[in-house]
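# Structure for this input, please:
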Amino acid sequence: MKKIICSVAIASLLLSCKTAQTSKATTSPEVQVTIDLNNPKDDKVMVTLVPSPSNQDIVTFSIPKTVPGTYSTDNYGKYIENVKAFDTKGNPLTVTNVDQNSWKIADAKKLGKVTYWVNDTYDTEKGGGFGNDSDVFSPAGTNISPENYMLNTHGFVGYFSDKLATPYTTTVLHPEALFGATSMDDLDASASKDVFKTARYAELVEHPIMYSKPNYTIFKVDNMEILISVYSPNGTYKAADITPAMETMMRAQKKFLGSINNNKKYAVLLYLSDMKKQDAKGFGALEHPTSTTVVMPEMMPAEEMAEQLKDVVSHEFFHIVTPLGVHSNEIHNFDFNNPKMSKHLWMYEGVTEYFANLFQVNQGLISEEDFYNRMSDKIRQASTMNDTMPFTTMSANVLTQPYKDQYLNVYQKGALIGMCIDIIIRENSHGERGILDLMQKLTNEYGPNKPFNDDELFDKITAFTYPEVKTFLDTYVNGPTPIPYEKYFAKMGVTEAKTKKPGNVFLKGQTPYITVNPETKEIMMLPGIDLPEFYSVLGIKNGDVITAINNKNYNLDNIYDLIMESQNWKENDAITVKIKRDGKETELKGKIKLPYEEVDGYQATDASKKALKEAWLKG
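Got it, this is the predicted structure:
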């Protein structure tokens, strides 16, 4: 899972994902599920489960408390209402609510079916899921509306204590006008019913489905079919608009991965949230072995949307390496209501995040300088976290405090751990191999259906690499010692240097230059503070009211639009600003002058290491 905070004083984006769960063939009887989207009541839908006969007197029916990779306790059972059980003749059986997520069913040998109503999570979100324990992170959440049904299946379908390894046949009844986007194969040809088969419950919950009016594209990258489906409530985005950049990115990823990836299908389900209504607020993505659910604000400008999707979806796609291809027993046999977490988030999320950046410089999508800047940003962000907390300890205890608050470091220090291991392997192999080669060997050793034991992974990695890697893992990943990043950069001829980073014209860090008059909703420059050059070159002063920029009017109602769009402004681009000063309106024209901040960074300086550096970044 990936959670990245892109915070501004007025708007913040929270980005994330989810670890993979694998499937295992079985010949056990099946559980039949029906999800009825045709007859919603009070923003809820009916779900019916018909299990095969049980040999137990009492069984427990559960909805997940936690799903693998969300690293949070979400209690999906609180969205379930009126759970009922019936025998094969339709007579009610006794159902006892055990806790928020579980119900015991008496006389289970007679059990014929279970029914209940499901409410969605998007309607209840307050703060986007991160830092707000009452929220489910939107890409892991659910939506029920006439125009869109986001079926993260773990929020709709439960499991029986005696049938975790039983195949599921899931039938979705839906309006003919809605298309069900998923990486699963629909076994029913009719326009109003979809039928999907999965080998066990854990496989079903790895296959989300998004129902909406058709707005999708399908293309192939080598032998893999890719579906891009978009729900845009106000029609702002079409799948065809997003597809070219996504196709370019995925072709580069496939080329980078080579033989590691053998998926035949992959689906990207993009839900765009209407920020002017009660809607999803947790922006980012949640990965699955063959799909990704993505939630973004619909108001995000096209250029910014393309950049966010490139970084977020590429991270999710790389999860096909780990944990899909390489994972521990804790993930393979995940306990949805009493989970035990693996020690190796540094690999599942950290190495995945490192690949999401490395492949871009490797395939020419970003420059070498951009790559160094990204790694420098991660060093700065990691420095704000607890740098002496052993990463394996944090990972194994990530559901509880104080470890829970350190989770975001998996995308900062976790990625840097992956980078350092890559550098160690490159140095010792004289540029011939790197961490991608290591992940290929681990995939060959384990694969989707053979989990490893948590305590054995470091020794296995050492057997495939060098003793120096084991020393690094013991010291900096399993131990409390902060990583001396400059030491590892120097191995590739890269040294510390000062660089200039462009900032935002409306705030410095978390301090804004603007405020809002609550009575008039007008946006105005704060009085009594020093303003950056952007304002002085245009003639804007403290206390001025900004009414429009580039012929678009702004006030409190669409201030998010202003913040979002400003993220894409470029130095020296033409700009027109309408202001109001002393009650008089004035139009000011000029060029954008972005504020720059000098920060620590890195650059290649040692020519003797050029060949090794090229093998690292381009090999």
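# Show the low-confidence segments of the stretch 451-600 of the chain, by residue range.
Across the stretch 451-600 of the chain, nothing is flagged by pLDDT under 70.
# Any idea how far apart the tips of stretch 166-177 sit?
32 Å (CA to CA, to the nearest Å).
# Okay, buried residues for that stretch please.
Of the residues in stretch 166-177, Thr166, Pro167, Tyr168, Thr169, Thr170, Thr171, Val172, Leu173, His174 count as buried by neighbour count, 16 or more other CB atoms under 10 Å. Heads up, the C-betas are built off the backbone N, CA and C, glycines and all.
# In strands, which of those fall?
Tyr168, Thr169, Thr170, Thr171, Val172, Leu173 (DSSP state E).
# can those residues go into CSV with extra columns for pLDDT and distance to Ser212?
As requested, these are arranged in CSV below (pLDDT from 0 to 100; distance: CB to CB, whole Å):
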residue, pLDDT, distance to Ser212
Tyr168, 98, 24
Thr169, 98, 24
Thr170, 98, 19
Thr171, 98, 19
Val172, 98, 13
Leu173, 98, 16
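# Nearest to Glu585 among those?
Proximity of those to Glu585 (CB to CB) peaks at Val172, which lies at 54.8 Å.
# In contact with that closest one: list those residues for me.
Shown in contact with Val172 (CB atoms under 8 Å, 6 or more residues apart in numbering): Thr34, Ile35, Leu37, Leu151, Gly180, Lys193, Asp194, Val195, Phe196, Ile209, Tyr211.
# Any idea how many residues pack against the nearest residue to Leu151 once chain neighbours are set aside?
Distances taken as CB to CB, 6 or more residues apart in numbering place Ile209 nearest to Leu151, at 4.3 Å, with adjacent residues excluded. By the measure other CB atoms under 10 Å, the count of residues near Ile209 is 27.
# List the residues that contact Ile209.
Ile209 sits next to Tyr149, Leu151, Thr153, Val172, Gly180, Ala181, Thr182, Met184, Asp194, Phe196 when contact means CB under 8 Å, 6+ apart.
# In TSV: those residues, plus distance to Glu597 and secondary structure.
Shown next, in TSV, are the contacts of Ile209 (distance: CB to CB, whole Å; DSSP: H, G, I helix; E, B strand; the rest coil):
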residue	distance to Glu597	secondary structure
Tyr149	45	strand
Leu151	44	strand
Thr153	45	helix
Val172	51	strand
Gly180	47	strand
Ala181	42	strand
Thr182	44	coil
Met184	47	coil
Asp194	52	strand
Phe196	51	strand
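# Kindly reformat the residues you listed as CSV containing distance to Lys238.
Shown next, in CSV, are the contacts of Ile209 (distance: CB to CB, whole Å):
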residue, distance to Lys238
Tyr149, 20
Leu151, 22
Thr153, 27
Val172, 25
Gly180, 19
Ala181, 14
Thr182, 20
Met184, 24
Asp194, 23
Phe196, 27
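# With respect to Ser328, which of those residues is nearest?
Thr153 (23.2 Å).
# returning to that earlier point: and which of the contacts of Ile209 is nearest to Val118?
Leu151 (9.6 Å).
# Pull the number of nearby residues for Cys370.
In this structure residue 370 is Asp, not Cys. By other CB under 10 Å, 13 other residues sit near Asp370.
# and it, that one's in a helix?
Yes: applying DSSP: H, G, I helix; E, B strand; the rest coil, one finds Asp370 inside a helix.
# what's near enough to touch it?
Gln360, Val361.
# got a pLDDT number for it?
At Asp370, the predicted lDDT confidence score is 93.
# Likewise for the one 5 residues further on?
Reading off the confidence values, Met375 has pLDDT 96.
# For it, give me its contacts.
Contacts for Met375 (CB under 8 Å, 6+ apart) come out as Asn357, Ala415, Leu416, Met419, Tyr602.
# coming back round to it: just give me the closest of the contacts of Val172 to Asn55.
Set against Asn55, the nearest of these by CB to CB is Thr34 (24.3 Å).
# Quick check: beta-bridge partners of the closest one?
Here Thr34 shows beta-bridge partners Thr48, Thr171, assigned using DSSP bridges.
# Ile559 versus that one, what's the distance?
45 Å (CB to CB, to the nearest Å).
# likewise Met341?
Distance from Met341 to Ile559, by CB to CB: 39 Å.
# What are the boundaries of the strands in the stretch 51-200 of the chain?
Taking DSSP state E, counting those that start in this stretch as the test, the strands found in the stretch 51-200 of the chain are 59-62, 80-87, 92-93, 95-99, 102-105, 111-119, 143-144, 148-151, 159-160, 168-173, 179-181, 193-198.
# Return the longest helix in the chain, judged by number of residues.
Using DSSP state H, we find that the single longest helix of the chain is helix 239-257.
# The helix or strand just after that one to helix 239-257, inter-axis angle?
Counting by DSSP states H and E, the element after helix 239-257 in chain order, helix or strand, is strand 265-273. Using axes from the mean of the first three to the mean of the last three CA atoms, to 10 degrees, the inter-axis angle of strand 265-273 relative to helix 239-257 is 130 degrees.
# starting at the chain centroid, how far to strand 265-273?
Offset of strand 265-273 from its chain centre (CA atoms, centre = their mean, to the nearest Å): 11 Å.
# buried ones in that strand?
Tyr266, Ala267, Val268, Leu269, Leu270, Tyr271, Leu272, Ser273.
# cool, stretch 60-78 as well?
Quick answer for stretch 60-78 (16+ other CB under 10 Å): 60-72, 74-78.
# Quick one: mean pLDDT for that stretch?
Rounded mean pLDDT across stretch 60-78 is 92.
# cool, stretch 353-361 as well?
Averaging pLDDT along stretch 353-361 gives 96.
# Please export the C-alpha coordinates of that stretch as CSV.
Only the C-alpha atoms of stretch 353-361 are listed here, as CSV (Å, rounded to 0.1, in the frame of the first residue of the first chain):
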residue,chain,number,x,y,z
GLU,A,353,8.1,2.5,-4.2
TYR,A,354,11.8,2.4,-5.2
PHE,A,355,10.9,0.6,-8.4
ALA,A,356,8.2,3.2,-9.2
ASN,A,357,10.9,5.8,-9.3
LEU,A,358,13.8,3.8,-10.7
PHE,A,359,11.9,2.6,-13.7
GLN,A,360,11.2,6.2,-14.7
VAL,A,361,14.8,7.2,-14.9
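# who touches that stretch?
Outside stretch 353-361, the residues that reach it (CB under 8 Å, 6+ apart) are 2, 252-253, 256, 310-311, 314-315, 318, 321, 365-368, 370-371, 374-375, 410-411, 414-416, 418-419, 422, 435-436, 617-618.
# Which of the residues you listed fall within helices?
Per DSSP H, the contacts of stretch 353-361 map to helices at 252-253, 256, 310-311, 314-315, 368, 370-371, 374-375, 414-416, 418-419, 422, 435-436, 617-618.
# just to revisit the earlier point, which neighbouring elements make contact with the longest helix of the chain?
Applying 3 or more CB pairs under 8 Å, 6 or more residues apart in numbering; DSSP states H and E, we find helix 239-257 packed against strand 216-221, strand 224-231, strand 265-273, helix 302-317, helix 352-362.
# what comes up buried for it?
239, 242-243, 245-247, 249-250, 252-254, 256-257.
# Tell me the one of those residues nearest Asn504?
For these, the residue nearest Asn504 by CB to CB is Ala245; the value is 23.5 Å.
# any idea how far Pro40 lies from Lys89?
According to CB to CB, Pro40 stands 28 Å off from Lys89.
# Look at those two and report which has more neighbours.
Pro40 (17 against 7).
# Not counting its neighbours along the chain, what's nearest the more buried one?
Nearest to Pro40 is Ile144, by CB to CB, 6+ apart, at 6.1 Å.
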